[in-house]
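Enquirer: I'd like to go over a predicted model; first the sequence, then the structure.
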Amino acid sequence: MSKQTYVRTKPHLNIGTMGHVDHGKTTLTAAITKVLSERGTGGAYVPADRIDRAPEEAARGITINIAHVEYETETRHYAHVDMPGHADFIKNMVTGAAQIDGAILVVSALDGVMPQTAEHVLLARQVGVDHIVVALNKADAGDPELTDLVELEVRELLSAHGYPGDTTPVVRVSGLRALDGDPRWTGAIEALLDAVDIYVPTPVRLTQAPFLLPVENVLTITGRGTVVTGAIERGTVRVGDRVEVPGSDVATVVTGVETFGKSMAAAEAGDNVALLLRGVARDAVRRGDVVAAPGSLVPRRRFTARVYVLSAAEGGRRTPVSTGYRPQFYLRTADVVGAVDLGPVAVARPGDTVTMTVELGRAVPLEPGLGFAIREGGRTVGAGTVTTVLDQP
Ligand SMILES: Nc1nc2c(ncn2[C@@H]2O[C@H](COP(=O)(O)OP(=O)(O)OP(=O)(O)O)[C@@H](O)[C@H]2O)c(=O)[nH]1
Ligand SMILES: [Mg+2]
């Protein structure tokens, strides 16, 4: 792969922008890279039209999924995923959020809390994003008193989902005006980044555990082979390590490790990487699989879970679900159909929290505490946590 080498000098964190469609996530992401590239702490300016470029084009240039950009503050190296706001892209949002250590919730000061603002906060809570910083964007165009109301509304939304809404940093920004170089607004971007540096703690990484990488994307580099990308959930990996894809017959050796186009001697939990796998066919591994240390885990199909069924007001179903219901389950990067058994209760109404047994259509790595989303017909209808992993029937 590449000749440049990544030198680890600062803690690495994964962060992302989320929020309703058109509230300015991509513009803000571009503005962050511009302000930081001018500050000179590290990372290059990535214009919005490059952040939004299609993954197919990125694949030609190899390495990480295009929605990721990297930048550095004085104290940290960040990989930033710009999550799409449109409802159709919640699938990507779930994948993105599953691997971030903190999120920047982008809310337009002109529009306030909108349906996907609320849905993203709910999903973030569910997939284990513990720290959210709010960017009240488009503050250049908003009336200050209205913006105060929007701020209150966002704080209430966060509190309603178990975040500390009263103490969450809320920073008024204008991605657009910061891109123009207006000092008032580049200063606001600096304030936002300071809030992220201070408010989002450096997570404890499980570097000693057996290696596990949930596969986010699979690419082919002509002449070199198959590359898988994603954020390492636990353990470490280096060139020459043996790995497998549990539940498939893929058992191979890692022949390249990269992050953002730079090769790495060793990658560890939290790092966003591309791994080159020796002799693996493109279709032998797919998004939703995991690459793991040999023999370290066995995929399972059945589990019990505590599940919150979203109310109609939250964008969920209007009618109850009952035993036999077969929605899609989003676990790590996997998207699998599952049959629901509600036991003696038999029925769960929108707004209820229930215990259920789930039998997935395909085995995936499961463990107590793993969060997941339940979707049906393009919308999120539930959110849950695995409580017990059951043996295969
Ligand atoms: N006035 C003003 N307009 C902005 C600002 N930031 C973004 N916009 C405009 O809002 C529109 C949407 O911006 P994007 O950055 O594409 O929004 P997004 O949230 O990434 O949209 P999706 O990815 O489709 O969900 C564009 O027309 C931007 O120019 C801002 O700070 N102030
Ligand atoms: Mg966007």
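Expert: Structure's in. What do you need? Residues are numbered from 1 along each chain as shown. Ligands and ions are numbered 1, 2, ... in the order given.

Enquirer: any idea what residue 118 is structurally, helix, strand or coil?
Expert: Under DSSP: H, G, I helix; E, B strand; the rest coil, residue 118 falls in the helix class.

Enquirer: Pull the contacting residues for it.
Expert: Neighbour list for residue 118: 157, 314-315 [criterion: C-beta atoms under 8 Å, 6 or more residues apart in numbering]. Just so you know, the C-beta spots here come from the backbone N, C-alpha and C atoms, and that holds for glycine as well.

Enquirer: buried set for stretch 205-218?
Expert: Neighbour-count burial for stretch 205-218 flags 205-206, 211-218 (criterion: 16 or more other C-beta atoms under 10 Å).

Enquirer: Note down every partner strand of the strand or helix carrying residue 382 and its orientation.
Expert: Take DSSP states H and E as the rule and residue 382 turns out to sit in strand 379-390. Strand 379-390 pairs in its sheet with strand 300-309 (antiparallel), strand 371-376 (antiparallel), by DSSP bridges.

Enquirer: Tell me which of those strands is the most buried.
Expert: strand 371-376 (a mean of 22; mean count of other C-beta atoms under 10 Å).

Enquirer: what residues does that one touch?
Expert: The contact list for strand 371-376 (C-beta under 8 Å, 6+ apart) reads 90-91, 94, 123, 126-128, 305, 307, 317, 327-331, 380-386.

Enquirer: Select only the buried ones of the residues you listed in PyMOL?
Expert: Buried residues within the contacts of strand 371-376, by 16+ other C-beta under 10 Å, are selected in PyMOL with:
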select buried, resi 90+91+94+123+126+127+305+307+317+327+328+329+330+331+380+381+382+383+384+386
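
Enquirer: And the pLDDT at the residue nearest to residue 11 when sequence neighbours are not counted?
Expert: Leaving aside its chain neighbours, residue 11 sits nearest to residue 202 (4.7 Å; criterion: C-beta to C-beta, 6 or more residues apart in numbering). Predicted confidence (pLDDT) for residue 202: 92.

Enquirer: among the strands paired with strand 379-390, which is nearest residue 269?
Expert: Closest approach to residue 269 among the strands paired with strand 379-390 is made by strand 371-376 (17.5 Å; C-beta to C-beta).

Enquirer: per-residue confidence averaged over the closest one?
Expert: Averaged across strand 371-376, pLDDT comes to 89.

Enquirer: And for stretch 298-309?
Expert: Mean pLDDT, stretch 298-309: 93.

Enquirer: Output it as CSV, nothing but the C-alphas.
Expert: The C-alpha coordinates for stretch 298-309 follow below in CSV (Å, rounded to 0.1, in the frame of the first residue of the first chain):
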residue,chain,number,x,y,z
VAL,A,298,-18.1,-17.7,17.8
PRO,A,299,-21.0,-16.0,16.0
ARG,A,300,-24.4,-16.6,17.5
ARG,A,301,-28.0,-16.3,16.3
ARG,A,302,-30.1,-16.1,19.4
PHE,A,303,-30.2,-13.6,22.3
THR,A,304,-32.4,-12.0,24.8
ALA,A,305,-32.6,-8.2,24.9
ARG,A,306,-34.2,-5.2,26.6
VAL,A,307,-35.9,-3.2,23.8
TYR,A,308,-37.5,0.2,23.7
VAL,A,309,-40.2,0.3,21.0
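
Enquirer: Quick one: distance of it to the chain centre.
Expert: Computed by C-alpha atoms, centre = their mean, to the nearest Å, the chain-centroid distance of stretch 298-309 equals 20 Å.

Enquirer: can you check stretch 348-355 too?
Expert: Distance of stretch 348-355 from its chain centroid, counting by C-alpha atoms, centre = their mean, is 26 Å.

Enquirer: Alpha carbons of that stretch, as PDB, please.
Expert: C-alpha atoms of stretch 348-355 as PDB (Å, rounded to 0.1, in the frame of the first residue of the first chain):
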ATOM      1  CA  ALA A 348     -45.400  -4.600  22.700                       C
ATOM      2  CA  ARG A 349     -47.000  -1.300  22.100                       C
ATOM      3  CA  PRO A 350     -45.200   1.800  20.800                       C
ATOM      4  CA  GLY A 351     -43.600   3.500  23.800                       C
ATOM      5  CA  ASP A 352     -43.100   0.200  25.800                       C
ATOM      6  CA  THR A 353     -39.800  -1.200  27.000                       C
ATOM      7  CA  VAL A 354     -39.900  -5.000  26.800                       C
ATOM      8  CA  THR A 355     -37.800  -8.100  27.100                       C
END
